[in-house]
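> I'd like to go over a predicted model; first the sequence, then the structure.
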Amino acid sequence: MHSANPHRLLFALACAAALGPAAAAEVAISNVQPLAFGSFTAGPGSVTVGADGARAASGNVVLLGTDPGQAAQFVVTGDANASFAVTLPADGLVTLGNGSLNMPVNAFTSSPASTGVLSGGGSLTLNVGATLEVAAGQSTGGYSGSFTVVVNYN
């Protein structure tokens, strides 16, 4: 009787290992559309592009229709129906520059906001907006920069 029990125990352990959860797919994020503030006149003031792509100005900034700007767009992929957290840049960390001059980018927002849930196919589009601070007499020209968006499973 004792000789049969060790075999059953080994078989039960093998089944438990074989039935364990599959390894989770890594959550990943890929930028498919850059954040753009569009064309505008110098401030002082700001240009805000919402996560929905809507653009607004404050202060003495005047929006120009020649380039309407756009929200950034990312595709997040991973395990189907998994919940994830979004971490956006803190204020004071991101600037747009043209070599010698900079403009701060603050108040980042996203849609979905701080958390999201991947679809049954394991993906979701994440839109990101922010506010660009424009100084009085800001030089004209093209300004560029980058920012990091972090996603992690909850």
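Noted; the coordinates are in hand. Numbering: from 1, shown residues only.

> And stretch 82-98, end to end?
Stretch 82-98 has an end-to-end distance of 40 Å (criterion: Cα to Cα, to the nearest Å).

> can you check stretch 54-62 too?
Taking Cα to Cα, the first and last residues of stretch 54-62 lie 15 Å apart.

> What mean pLDDT does that stretch get?
Mean pLDDT, computed over stretch 54-62, is 97.

> ok, and for it, which residues are buried?
Across stretch 54-62, burial judged by 16 or more other Cβ atoms under 10 Å covers Arg55, Ala57, Val61. Yep, even glycine has a C-beta here, placed from its N, CA and C like the rest.

> Go through those and name the one nearest Pro112.
Using Cβ to Cβ, Arg55 comes nearest to Pro112 of those, at 20.5 Å.

> Hmm, that closest one is touching Ser39, no?
No. Arg55 is beyond contact range of Ser39, at 10.3 Å (criterion: Cβ atoms under 8 Å).

> before we move on, back to that, and which of the buried residues of stretch 54-62 is nearest Ala72?
Arg55 (13.2 Å).

> Helices of this protein, start to end?
Counting by DSSP state H, the chain has helices at residues 4-18.
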